[in-house]
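Student: okay, here's the prediction I keep looking at, along with the sequence it came from:
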Amino acid sequence: MVTAVVKMILPMLAVSVVLAGGPWRVFLAAILVHELGHCLGARLTGIPLRRFCAGAGGFSLDFAMEMVSYRRELIVLLSGSGLGLLSLLLFPDPVYRTCALCLNLANLLPLPGLDGGRILYCMLCQRTQEYRAENICRRLGLAAALLLWMGGMWIVLRVGPNPVWMLCGMAALVQFRRKN
């Protein structure tokens, strides 16, 4: 099933990457490589892909994870950023390298909705009960969102008007507010 979806979706995504102009093309390519890493990780672990979606928050893959061990889920989660960071060695374009580095490292932050939040949860669930892991993830995620927002504020105040990280931190804090 993963192969069929990848064969259908990847050509359409490749066309959209080519048609996009400027740095968006490079950013879309970095996202595509990241999501392809998740697909490869799922393929290696035998986890079927249910759905591939594109939305305002980026691309989303829905795997059949109900009966999957935390180790297999970790492989799928880490393979996205792993392939994205590995691609830094393969593509010499400095704009691509910057986009891919920021995208893949930011995706490892322990925030809900990002791979890093789920990675932390899976790692903790292997060592403790699920309710405890959830509690720890919620607290660390809130701390990470606050630090991201404060770092973004520092960038705006010290470097200049570039509110990207501040807005990312605010979006994470708003998401925490909605969940709690």
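Tutor: Now that the structure is in, tell me what you want to look at. All values derive from a computational prediction rather than experimental measurement. Residues are numbered from 1 along each chain as shown.

Student: these two touch, right, Ala29 and Tyr96?
Tutor: Yes: Ala29 is in contact with Tyr96 according to Cβ atoms under 8 Å; the separation is 6.4 Å. The way it works is simple: take the backbone N, C-alpha and C, and place the C-beta from them, glycine included.

Student: report pLDDT for the residue positioned nearest the centre of the chain.
Tutor: In the chain, the residue lying closest to the centroid (Cα atoms, centre = their mean) is Asn107, at 3.9 Å. Taken from the predicted model, the pLDDT recorded for Asn107 is 91.

Student: then Gly21?
Tutor: Note for Gly21: predicted pLDDT of 58.

Student: cool, Gly57 as well?
Tutor: For Gly57, the model assigns a pLDDT of 57.

Student: do the same with Met12
Tutor: Turning to Met12, the model gives it a pLDDT of 51.

Student: what does Leu32 give?
Tutor: You'll see Leu32 listed with a pLDDT of 87.

Student: need the three-state assignment for it.
Tutor: Following DSSP: H, G, I helix; E, B strand; the rest coil, we place Leu32 in the helix state.

Student: and it, how many neighbours?
Tutor: Leu32 is flanked by 19 other residues according to other Cβ atoms under 10 Å.

Student: can you check Arg178 too?
Tutor: Neighbouring residues of Arg178 were enumerated by other Cβ under 10 Å; the total is 7.

Student: any idea how far it is from Pro112?
Tutor: 10 Å (Cβ to Cβ, to the nearest Å).

Student: only the buried residues of the biggest helix by length in the chain, if you could.
Tutor: Ranked by residue count, the top helix of the chain under DSSP state H comes out as helix 130-158. Taking 16 or more other Cβ atoms under 10 Å as the neighbour-count basis, helix 130-158 is seen to contain the buried residues 133, 137-138, 140-142, 144-145, 148-149, 152, 155-156.

Student: who are the contact partners of the residue nearest to Pro112 when sequence neighbours are not counted?
Tutor: Beyond its immediate neighbours in the sequence, the residue positioned closest to Pro112 (Cβ to Cβ, 6 or more residues apart in numbering) is Gly141, lying 5.5 Å away. Taking Cβ atoms under 8 Å, 6 or more residues apart in numbering as the criterion, Gly141 is in contact with Pro110, Leu111, Pro112, Gly117, Ala172, Phe176.

Student: how about Pro23?
Tutor: Applying Cβ under 8 Å, 6+ apart, one finds that Pro23 lies in contact with Val95, Cys99.

Student: tell me which strands and helices the next helix or strand after the longest helix of the chain is in contact with?
Tutor: Past helix 130-158, heading to the C-terminal end, the next element that is a helix or strand (DSSP states H and E) is helix 164-179. Secondary structure elements in contact with helix 164-179, counted by 3 or more Cβ pairs under 8 Å, 6 or more residues apart in numbering; DSSP states H and E, are helix 130-158.
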